[in-house]
Structures are given as C-alpha cells and as structure tokens.
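J.: Give me a model of this one.
(2 chains, ligands or ions: 2)
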Amino acid sequence: MIQAKNLNKIYKIKMKKHIWNRSEIQYKEAVHDISMDIEKGKIVGLLGVNGAGKTTTIKMLSTMISPSSGTIHVDDIDAVKFPFHAKKIINLITGGERNIYWRLSARENLEYFGSLYGLTKTELKKRIDYCLSIVNLTKNADIPVEKYSKGMKQRLQIARGLINNPSYIFLDEPTLGIDILMAKELREYIKRITVEENKGVLLTTHYIAEADELCNYIYVINNGKIVSEGTANDLKKLYTSNYCLNFIFDCYNKSLFDDIAKLENIIKIELNPELHSIKLISKENLIKKIIQLSSNYKCNINQIKTEDSLEASLMQILKVGNSHA
Amino acid sequence: MRNCLIICSAEVKKAHRNYFKSISNYFSLLLWPILSFFTTYYTYSSFDNYFDPDLANKTNFFTFLILGCLGHNCFWAMVQGGVMQIREERRNGALEIIYFSPANRLALLYGRALGDFIQNTWMFFIFSSIIVMLISKFTYIILFKIIGSFMVLLLTSTIWGGLINSICIATRDAGFLFTIGEPMNFFSAVKFPLKNLPFWARAISPIFPSTYCIYIIRAIFMGNSVNTIKILELLTCLSIIVAITYILTKITEIHNRKTGNLQFY
Ligand SMILES: Nc1ncnc2c1ncn2[C@@H]1O[C@H](COP(=O)(O)OP(=O)(O)OP(=O)(O)O)[C@@H](O)[C@H]1O
Ligand SMILES: [Mg+2]
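T.: Ligands and ions are numbered 1, 2, ... in the order given. Presented below is the predicted three-dimensional model:
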C-alpha cells in the first residue's frame, strides 16, 4: 500500500524582471495538506481542473519531486528518505507521445528502459515479449516508433510503464489526445492489469467519465487541496443531492443579492453584479425562496438554469471554488 | 555493480541505435576534423621553419599533428555528443523518465560518455591510425601503440564526458559548453608542443585532461619516454573530475527533486 500523509509542496518561482533588478521570488503552494492511500488491486483517481495540483501530487508520490513536508510510504519504504528503494517497485505512464525515443523501435525502447532497472538479457527478453503482447504491439515491435500512430505510441508508453513489473503504477492523464475508441481500449488495459496483476494504480484525469468508469476511489482536488473524496457513487450522491442553480435577473439589487447569499443550506455561491447573475450550489431546492425574494424586491428573473449531471455539478463546485480563491 | 554494467551497455547500444545514421556526425566528427588537420599541416609547412628538432622530420611532424587532432577530436566529441543528446532528451521527456528510474546516476553518465566516445570517434580514430601506419614503417609495435593510446583516450575522454554530461543534466543552458572548443585547442597544445605554451597558459592547461592525454599519446608514438609525473598529474586531474562529477550529480538530484526542473526544456 502507498500511504501519503499531509503532503505539501511549495514551489519557489523567480519572477522575471529586467536584468538590472534583482529577480523577485514568489512562493506557490501547488499542493496543500493532501493525504491519500493507494491499495494494490485498486484504481484510485485524482480528479481536478488544469493547475489543480494533480501532476504535482503524482510526482511527489512517484519520488520525482520531494514534498516540502509530509510523509510517503511505499510498502513500508520511506519514499521521501529513500526514493531509490521506492523507485524499483513503481512506474509512471504519462499521456502523449513524449518520453520515448522515436528513432528506436518499440523493442529497442523497452530494452533500454528495462536496462535502467538492471534487468538482465534473459529477464528483459521475457518481460518485453510479455509487455508487448499486453498492449498488442508484438507485430510492430521492430518498426521505428516515429512510424507509429499516436495510439500506438501511447500503448508503447504503457508497455514501458510495465517493464519493471511495478507494484504501483502512476498514470498522468493517460488518455490525453486520444480518440474515444482508443481511450476506451486503454481503460480496458488499465482495468485488466490492475485486477489480473494486483497492481495499485493512481490515475489523474480531468475527464469525469473516465474516473467514473475506472476508479474504485476518487479524490477531487482543487487549488492543491482535496475538496472531496469517496467512491464514484458516493460522489454522485453527494453532488446530485445538491442543487445547482443559475439565475439571471434583469437588474442588480444589492440587498436582494445579500439576502439570497444569507439563505440557509448554500454550499457555494458566486455573485456577479455586472451580469446580474447568481450561481449557487445548495443542499435544498431554493428556487421558490429566491423567486419569493426577488418579487419582494420587485426584481424580475430573466432566466433560471438548473444543472444536475455529475459532471456539471462537479464542474460547478470546482469553478465556484476557484473564483473564491 | 552488475546493474551499472547493464546500464552502461544499454547506453552504448542506445547511442549507437539512435545516432548511427545521423549524417551530421560524419561531417562534424570526421570530415571537419580531417580538414582542420590539413589546415594546420599546410599552415605550418608553408613556412617551413620548425624550430623544434623533434619535429624537423616530416613523419614526426605529421604524427605529432594528427595525434593532437585525434585527442582534440575525442574530447570535443564528448562535448558535442553530451550537449546535443541531453538537450534532445530533455525536450522529448526521456530524461525525466530516465531520472525517474532507480538507475545508478554515475553509471548513466559514464555509459553515455562511453557511447558517445565509441559512436563519435571511431571514424577519426581509424583515419588517424591508418595515417600513422602509412607514414611510419609498419611493425607490430605500432599496433600495440595504437591499442595503448586507444585505452588512454578511452579512459580520459569517458571521464571527461561524464563531467560534461553531469553539467548538461545540471543546467538547461549547457550550450555555453560549445564555446569550450577553442580554449581546449589552445591550452591543451593541440597544434604545437606543450613546452612552447607560454608560462601563464601552462597554469590553465591542467584543467583540461586533454592536455595530458595528448601529451601521453604523443609520447607513446614519438618514442619519447612517458614522463611519470605527467601520468600522475593526469590521474590527479581525472580523480578531481570524477569527484566534481559525483558531487554535481548529487546536488543536481536534490535540486531537481525540489524544483521539478527536469520537466523543463
Ligand atoms: N516546477 C514547478 N515550478 C513552479 N510551479 C509549478 C511547477 N509545477 C507546477 N507548478 C504550479 O503548481 C500548480 C499545480 O500544477 P500541476 O501541474 O500540479 O497541475 P495539474 O493539476 O497537473 O494541471 P493540468 O491538468 O494542467 O496538468 C500550478 O499552478 C503550476 O503553475
Ligand atoms: Mg498535469
């Protein structure tokens, strides 16, 4: 099991300035107090919008960057203190076509990356044949990668990620830029290796459907913090039991807006005086109360929108959260 | 140890597979050095006034120059190969994956240096060997001399290449290393005898292991006895370089883990 406790990551960023000024240093807290568990045989999802801190989290867990504070244990190995021990039993698969040598063939690529794990010739040969067959590349194993399609390159990435027979696999947006059919096929692979080979998988994505289909447990992160967690069903219940409303009034009335903001059971609210609009997520259906209030203030409602799909609600939560930050 | 050997041989294989077909290498590492050799040769012989009695004879002079060029070529190949390869790997993200693995970092650095050495210098090495064999009388001794100097070149260039590679890993802006060619040319006395180097320049020469390397292979071929002090100096220089490489690698690893810098290109 991988156990991460209270991870923080603060990046130091040098702001660019003119040469003769000293550059100003800014601190960016990319991840704040994240704790999570990854069990073998389970797929854990890390869901969040761009810049939420998914990649930073996955990089800390995979020992590529060190946390500013917090602990990570990979099967009882302290991965912060002894990253080289942890590296042997983990691997990483990223989306896209990078990270492989285009002039080499798939087999040569795997030979090279396998050697980095100290595999001997015979071990390597067995493992390569196995990995290639898992991703269906056996037939094209000896063609230079530059002649591959995007999907084939992506599959090669998966094979590369399996080369050291890792106990834990990190996947950073594995379906990035891949068509829906290919993505579906990829998800099948991921599911299959998790179950059949009892591997622990952590997957980041911003496709909610993907998390829904694959993950046994999901962490939603925003602005570097875990904003909610649970199984896909838990999350669905949580969010579909909420109401997500969007009002546009024909004028802006401050006291009306203030009164609405004071209503009970509101989880998140976003007021926009310029557009005369209010977006809110609440635990009870507030439509009636809001209509009542607006007629009290003699303010007409031009439009009401309600959203209740998992995706819409989740996005709403994330968006509202962002604008508050 | 076994792992290190596996990594080294993987690096050599990769360098071969990845760059063997690269045509630009044939120009920059075979044709241009040959041209540069002839430029030097004709520059000197146009004036025909060798003050150095050792070089008065044409064979010796030719050998002297070609060995200088060979040494410079090997060390330069390390710079060119290292900077280009790592720049490319940084760009295509392979570097990040390599450093994600538990592979021994020094084995990686020296493995690629060795790969670069074999990949990039064999042509010019064979060229120089043939020239040397043609101009001097062929004896079996010359074969031993060739093998001996090959070993010296291999050892020193690989260690030098390890340093270059560690610098390229440490900074994205390793392009400045490309400017090292001229100073190396001068301070290592590639085109003239080391003893003719002005006093102040001799203080700088020891920075470049190529200085000793060229000196020693010249001594091997030109029948001068190899100066033990020079060999000791070479070994000291190499140990210092290894130590710097080791420390730089450690610091880089910690720094990169803090900043996530390997992902940038
Ligand atoms: N090496 C770095 N140095 C400084 N800041 C960084 C670095 N890497 C990421 N950040 C910052 O940390 C925050 C989180 O970035 P991260 O890459 O983890 O997001 P993400 O969730 O993976 O987003 P995306 O979906 O776009 O991949 C961002 O604001 C980013 O600007
Ligand atoms: Mg990311």
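
J.: so residue A:263 sits right up against residue A:286, yeah?
T.: Yes: Residue A:263 sits in contact with residue A:286 when judged by C-beta atoms under 8 Å, with a separation of 5.9 Å. C-beta coordinates here come from the backbone N, C-alpha and C atoms, glycine included.

J.: Name the residue in these two with the higher neighbour count.
T.: For residue A:263 and residue A:286, the more surrounded residue by other C-beta atoms under 10 Å in any protein chain shown is residue A:286, and the numbers stand at 20 against 15.

J.: check contacts around the more buried one.
T.: Contact partners of residue A:286, counting by C-beta atoms under 8 Å, 6 or more residues apart in numbering or on different chains, are A:243, A:245, A:263, A:265-266, A:280.

J.: can you tell me which of those residues are in helices?
T.: In this view, the contacts of residue A:286 have no member that belongs to helices under DSSP state H.

J.: Residue A:155 touches residue A:138, doesn't it?
T.: No: Residue A:155 sits out of contact with residue A:138 when judged by C-beta under 8 Å, with a separation of 11.2 Å.

J.: Put the alpha carbons of stretch A:88-107 into CSV.
T.: This file holds the C-alpha atoms of stretch A:88-107, laid out as CSV (Å, rounded to 0.1, in the frame of the first residue of the first chain):
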residue,chain,number,x,y,z
LYS,A,88,12.2,-0.1,-8.0
ILE,A,89,8.6,-1.0,-7.4
ILE,A,90,6.8,1.9,-9.1
ASN,A,91,6.5,3.2,-12.6
LEU,A,92,4.9,6.1,-14.4
ILE,A,93,2.9,6.4,-17.6
THR,A,94,2.1,9.8,-19.0
GLY,A,95,-0.2,10.8,-21.8
GLY,A,96,1.1,12.0,-25.1
GLU,A,97,3.9,10.9,-27.4
ARG,A,98,6.9,12.1,-25.4
ASN,A,99,9.2,10.1,-23.2
ILE,A,100,10.2,7.6,-25.8
TYR,A,101,12.9,7.5,-28.4
TRP,A,102,11.3,7.9,-31.8
ARG,A,103,14.3,6.6,-33.8
LEU,A,104,14.3,3.4,-31.9
SER,A,105,11.9,0.5,-32.4
ALA,A,106,9.4,-0.4,-29.6
ARG,A,107,11.6,-3.4,-28.6
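
J.: what comes up buried for the strand or helix carrying residue B:32?
T.: For residue B:32, the host element (DSSP states H and E) is helix B:32-47. With burial defined by 16 or more other C-beta atoms under 10 Å in any protein chain shown, the residues of helix B:32-47 counted as buried are B:33-34, B:36-37, B:40-41, B:44.

J.: Show me which parts of the host helix or strand of residue B:107 are buried, residue by residue.
T.: Applying DSSP H and E as the criterion places residue B:107 in helix B:105-135. Across helix B:105-135, burial judged by 16+ other C-beta under 10 Å covers B:105-121, B:123-125, B:127-129, B:131-132.

J.: now for that helix, which elements pack on it?
T.: Using 3 or more C-beta pairs under 8 Å, 6 or more residues apart in numbering or on different chains; DSSP states H and E as the contact criterion, the neighbours of helix B:105-135 among helices and strands are helix B:2-19, helix B:23-26, helix B:32-47, helix B:58-92, helix B:140-170, helix B:228-259.

J.: Residues touching the shortest one, excluding its own?
T.: Surrounding helix B:23-26, the residues in contact under the criterion C-beta under 8 Å, 6+ apart are B:19, B:119-120, B:123.

J.: In a markdown table: the residues you listed, plus pLDDT and distance to residue B:74.
T.: Formatted as a markdown table, the entries for those read as follows, by pLDDT from 0 to 100; distance: C-beta to C-beta, whole Å:
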| residue | pLDDT | distance to residue B:74 |
| --- | --- | --- |
| B:19 | 75 | 16 |
| B:119 | 85 | 12 |
| B:120 | 85 | 8 |
| B:123 | 86 | 12 |
